[in-house]
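**Q** Okay, sequence plus prediction incoming.
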Amino acid sequence: MQPIIYDVAVSADGFIAGRDADVSAFPHTGAIVDDYVTRLGTYTVVLMGRATYEFGYAFGLTPGANPYPHMRSVVVSGTLDLPKDAQVEVWRDLSGLADLRSAAEGSIYLCGGGELAASIAHAGHLTDLRLKRAPVVLGGGTPLFAGLNAPLNLQPEGQTDYGNNLLFQSFRIT
């Protein structure tokens, strides 16, 4: 059974994006980003919600294109319609998670967003949390977990201080 790892940048007040999906407060260069890119190479499947997938449209991603070509990409959405030749799969619900975890050849990257993360955690399939913590308070936006209805118990696995108050924290969900 492969792990599902939520690897995401987060503000001090728990948001993965500000209002209007603004991510400009998070670092886009430097060692913390370089290490993230290295981790991306270790994942074999990516899971994301509709809003996270469509966020790529603002940066030139075309509907149906795979934003992570080296990974199998799954978008979980009840409303997203893509071309028949789409390079990504669209799941209408999470009923295939156990089969995905069994069939995947390596770790599964949960790219976002907060609602999907809460749903996967609630279903008992979220195994790891990797946070790139930025020293900023956004005051609103997309929460790390939207609608989580039970606490998650976290076992710290490691922390790296990148300077300038940038931290990477890794947790196992127990």
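**A** Here it is on my side, so go on. In this text the structure is predicted, and so the values were computed from the model without any measurement.

**Q** Residues contacting stretch 84-100, please?
**A** With contacts defined as CB atoms under 8 Å, 6 or more residues apart in numbering, stretch 84-100 is touched by 4, 45, 53, 63-66, 69, 72-78, 80-82, 108, 119-120, 123, 125. Where you see a C-beta, it was placed from the backbone N, CA and C, and this is true even at glycine.

**Q** Residue nearest the middle of this protein, spatially speaking?
**A** In the chain, the C-alpha nearest the mean C-alpha coordinate belongs to residue 111, at 2.1 Å (CA atoms, centre = their mean).

**Q** quick one: it and residue 50, what's the gap?
**A** Between residue 111 and residue 50 the distance, using CB to CB, to the nearest Å, works out to 12 Å.

**Q** and what of residue 138?
**A** According to CB to CB, residue 138 and residue 50 sit 21 Å apart.

**Q** Looking at these two, which one has more neighbours?
**A** residue 138 (22 against 17; other CB atoms under 10 Å).

**Q** Just the pLDDT for that one.
**A** If you check residue 138, the pLDDT there is 98.

**Q** for it, what are its contacts?
**A** Per CB under 8 Å, 6+ apart, neighbours of residue 138: 11, 13, 15, 17, 18, 19, 25.

**Q** Grab the nearest non-local neighbour of the fourth one.
**A** Beyond its immediate neighbours in the sequence, the residue positioned closest to residue 17 (CB to CB, 6 or more residues apart in numbering) is residue 142, lying 4.2 Å away.

**Q** was I right about that neighbour contacting residue 118?
**A** No - contact status for residue 142 versus residue 118: not in contact, 11.5 Å apart, counting by CB atoms under 8 Å.
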